[in-house]
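> Provided below for reference: sequence and predicted model.
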Amino acid sequence: MPSTNLKALAESSREKLKEAIDPIEQFLNHHALDQLAQKDDPDSVAFYSGMLSDLRHLLVFSEVAYEKLGAVLRRPNLDNDLAERALYEVYHNGVNSFFYPKNECYSEDGRYAYTGQDAIRFRTKPVRAARDIILSISRVYEELRDDLSYYESDYLTNRRMQGQLK
């Protein structure tokens with residue numbers, strides 16, 4: 001990929017990650033399991049415990065990717081290999097972590113993706129704050145997925161063909 005396109009993609013990906021990091025961090029700082037879950041309902045506790053865990057992982061992956069992209073962009077000369085690796089990690093860790101959460105409290109239903117409706121479906125109906133955070137950041141991760149779809153498979157295939165990955 002040409003260096004100018006790569007730099008623009010790294011810059012826009014970094015900005016989008018920042019758009020997601022801030023609301024996730026605010027949500028996690030202001031909401032605890034006790035506030036979200038019904039104490040007498042073990043299913044509710046398990047659901048929100050999983051959701052909070054997934055959001056914490058997503059936050060860490062996104063912050064690490066944000067910092068790596070920042071380090072790549074601060075270099076006087078763009079290191080293409082380093083930039084591509086950082087973008088691969090944004091896709092592999094951040095985007096995949098959002099769309100395939102470990103605890104499966106929500107999932108994407110592709111049938112709704114083109115209807116203008118929310119494509120995110122929750123395992124159980126969440127409280128408004130939990131629902132709002134997931135739906136608000138879904139747009140950012142959808143954009144990142146669209147922008148970085150090359151890094152899903154083509155990047156690794158290209159590296160393997162060059163003998164750089166085993």
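That came in fine, so what should we check first?
> what's the burial count for residue 85?
By the measure other Cβ atoms under 10 Å, the count of residues near residue 85 is 16. Any C-beta I mention is one placed from the backbone N, CA and C, and that applies to glycine too.
> which secondary structure element contains it?
Here residue 85 sits within helix 80-89, counting by DSSP states H and E.
> any idea which helix or strand comes after that helix?
helix 96-99.
> need the residues that contact that following helix.
If you take Cβ atoms under 8 Å, 6 or more residues apart in numbering as the criterion, helix 96-99 is touched by 54, 57-58, 61, 108, 137-138, 141, 145.
> now with 10 Å, please.
Helix 96-99 is contacted by residues 20, 24, 54-55, 57-62, 90, 106-108, 119-120, 134, 137-138, 140-142, 144-145, 152 when judged by Cβ atoms under 10 Å, 6 or more residues apart in numbering.
> buried subset of the residues you listed?
In the contacts of helix 96-99, burial by neighbour count holds for 20, 24, 54-55, 57-59, 61-62, 90, 106, 108, 119-120, 134, 137-138, 140-142, 144-145, counting by 16 or more other Cβ atoms under 10 Å.
> so which of those residues are in helices?
Applying DSSP state H to the buried ones among the contacts of helix 96-99, the entries found in helices are 20, 24, 54-55, 57-59, 61-62, 134, 137-138, 140-142, 144-145.
> now residue 140. Nearest residue, chain neighbours left out?
residue 20 (4.3 Å; Cβ to Cβ, 6 or more residues apart in numbering).
> doesn't residue 58 make contact with the one you found?
Yes. The pair residue 20 / residue 58 is scored as a contact, 8.0 Å apart, by Cβ atoms under 10 Å.
> having no further points to raise, I will conclude here.
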